[in-house]
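Peer 1: 3D, please:
(2 chains)
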Amino acid sequence: MFWTVTQSLFNGFMTTVELFALTLLFSLPLGLIFSFASMSKIKPLKWLMKTFIWIIRGTPLMLQLVVIYYGPGLLGAGADKLLTDLTTNGSEIIVALYEWWPSFGIFVANATIDVLEFFASFHTYDRFISALVAFVINYSCYFSEIYRGGIESISRGQYEAGQVLGMTKAQVFFKVVLLQVVKRIIAPMSNEIITLVKDTSLARTIAVYEIIWAGQRFIKSDGLLWPLFYTAAFYLIFCGLLTIFFGKLEKKLDYFRS
Amino acid sequence: MAMLEVNNLYKSFGKNEVLKGIDFKLEEGKVISIIGSSGSGKTTLLRCITGLETADKGVITVDKRITFNGDSKQKLTKAEKRDNQLATGLVFQSFNLFPQYNVLDNVTLAKKLMLKKELRVKKASHAEKKAAFDALVEEAKDIISHVGLSDKLNHYPCELSGGQQQRVAIARALIMSPKVLCFDEPTSALDPEITGEVLKVIAGLAKDGRTMLIVTHEMGFAREISDEVIFMDQGVIAEQGDPKEMFVNPQTNRLREFLSAMLKA
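Peer 2: I've put the predicted structure just below:
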């Protein structure tokens, strides 16, 4: 039994790792883009980004998972209903518009149908993809705040030194500032990344077959609770490896102080 | 034609008028020191000349090249701004070395990036590139030995004393061969006992005939190496002249007060 459980949990764990790795792959760069947007000199962009970050950080990830998984399906069904209603019963408003100005009425009718058709095409997407989208959005927002803190902590003198030496803004950022930012954010980033490992278990909410799901299955099928407890070992080993990795990285950047 | 010419320069930050019509000339191979109490506008003047701040009005000319023209409506491209910026060099009060690079790389970084771009445009061969980069490293080593740090090539800034860091910063500015080298209180962040090594390097540059503009609080040093001293007060040049004259026989009350306050400190 132990071997069967281990194998089954391992399969679930592979999904966990996949979700973890893909989330990092997309959210690390996306977070940097978000952080630039939230520091932008273009005020509307900055406030839009800040509002978005507020919404994402201000609501539970579990709720975001549910919304992203069920949302498109609900939207599609709603739009579909409206579309059927419109095409079978017509619309008094559009009829009134048509009587007032025929070509405008036709234009509005066509546009409404196009929009409704577009939304009606939404359906429920793959569970894993939905979970990935939710995680990427959520983690990009958290990462962006860490990046922002790191970037803003670099002294103006570094930028000015690059500038008087004739370096371009991009050169100053990538050749001078970035590595200093990386060094400064390793600790908060490793914290967040280790949290991500365990947050992947939330994907269970929309029935992504990750390791918690694999462990819980044994409660129903065999009346066993210990496989669920056993999942902790997988998390512990994985987080332990990450801790070692980040410790090494920190040591590697120990050669300079900034 | 003077190496650096500043005409009728104005600069405000919001309502605060910091520079109120600055005029002066710096001839090739000469050294001018700018003194004055904090808030007199001397650092802002230096930042306008080196392109870190954009003045509101006036003209700045470096070696016949107009690097700033407040009357011109024409907007400069980023590349033109960078070219203008390279006409001058600046050594900061707080060094601002790049902490993740060793001494050699700090000195070569900017020029290497520039060289890379040039070589790419010219579609240089691998051998040509290698020769160019080797030459750059040799040039850098030469300049670093000039500031007396040949034995520190592979050291990182955090392993150097403040005085050594500032000498690296001077080398880093020199390799871009600026027409005018500017210093913004180069010894103010240093312990008194190590200001000497930095001042010696600057004095050496003066002897070599380098055109320099130095904002400083070191009165003795200003007097020794400058061909001319500018005393700034409340955004204008209050007094200007031969250092030996000025320090012994100040013409304005403000300079007299300033000098006696400096002596007491």
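Peer 1: Can you pull the poorly scored residue ranges out of chain B?
Peer 2: Scanning chain B for pLDDT under 70 picks out B:265.
Peer 1: Can you give me the distance of A:H123 to chain B?
Peer 2: 48 Å (CB to the nearest CB, to the nearest Å). For every residue, glycine as well, the C-beta is placed using N, CA and C.
Peer 1: Per-residue pLDDT of that residue, please?
Peer 2: Note for A:H123: predicted pLDDT of 87.
Peer 1: surely it meets A:G73?
Peer 2: Yes - using CB atoms under 8 Å, A:H123 makes contact with A:G73 at a distance of 5.7 Å.
Peer 1: In space, not sequence, find me the middle residue of chain B.
Peer 2: B:C182 (1.5 Å; CA atoms, centre = their mean).
Peer 1: Tell me which other helices or strands the helix or strand that residue falls within touches.
Peer 2: Per DSSP states H and E, B:C182 falls inside strand B:180-184. When contacts are defined as 3 or more CB pairs under 8 Å, 6 or more residues apart in numbering or on different chains; DSSP states H and E, strand B:180-184 packs onto helix B:42-49, strand B:88-91, strand B:212-215.
Peer 1: Just the buried positions in it, please.
Peer 2: By 16 or more other CB atoms under 10 Å in any protein chain shown, the buried positions in strand B:180-184 come out as B:V180, B:L181, B:C182, B:F183, B:D184.
Peer 1: From what I see, the last one and B:G89 are in contact.
Peer 2: No - shown here, B:D184 and B:G89 do not form a contact pair, counting by CB under 8 Å, at 11.3 Å.
Peer 1: Between the two ends of stretch B:77-92, how far is it?
Peer 2: This stretch, stretch B:77-92, spans 26 Å end to end (CA to CA, to the nearest Å).
Peer 1: repeat for stretch B:244-263
Peer 2: 16 Å.
Peer 1: Can you tell me what sits against that stretch?
Peer 2: Stretch B:244-263 is touched from outside by B:I35, B:G36, B:S37, B:H217, B:M219, B:R223, B:V229, B:F231, B:D233, B:A238, B:E239, with contacts defined as CB atoms under 8 Å, 6 or more residues apart in numbering or on different chains.
Peer 1: Could you find the closest non-adjacent residue to residue 26?
Peer 2: Using chain A here. A:V136 (4.5 Å; CB to CB, 6 or more residues apart in numbering or on different chains).
Peer 1: switch to chain B, that's the one I care about
Peer 2: Closest to B:L26 by CB to CB, 6+ apart is B:L4, at 4.0 Å.
Peer 1: For the helix or strand of chain A with the lowest mean pLDDT, output the C-alpha coordinates as PDB.
Peer 2: When each helix and strand of chain A is scored by mean pLDDT, DSSP states H and E, helix A:92-100 comes last, with a mean of 85. Only the C-alpha atoms of helix A:92-100 are listed here, as PDB (Å, rounded to 0.1, in the frame of the first residue of the first chain):
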ATOM      1  CA  GLU A  92     -38.000  47.200 -28.400                       C
ATOM      2  CA  ILE A  93     -35.000  49.600 -28.000                       C
ATOM      3  CA  ILE A  94     -33.500  48.500 -31.300                       C
ATOM      4  CA  VAL A  95     -36.900  48.700 -33.000                       C
ATOM      5  CA  ALA A  96     -37.300  52.200 -31.700                       C
ATOM      6  CA  LEU A  97     -33.800  53.100 -32.800                       C
ATOM      7  CA  TYR A  98     -34.600  51.700 -36.300                       C
ATOM      8  CA  GLU A  99     -37.800  53.700 -36.600                       C
ATOM      9  CA  TRP A 100     -35.900  56.800 -35.600                       C
END
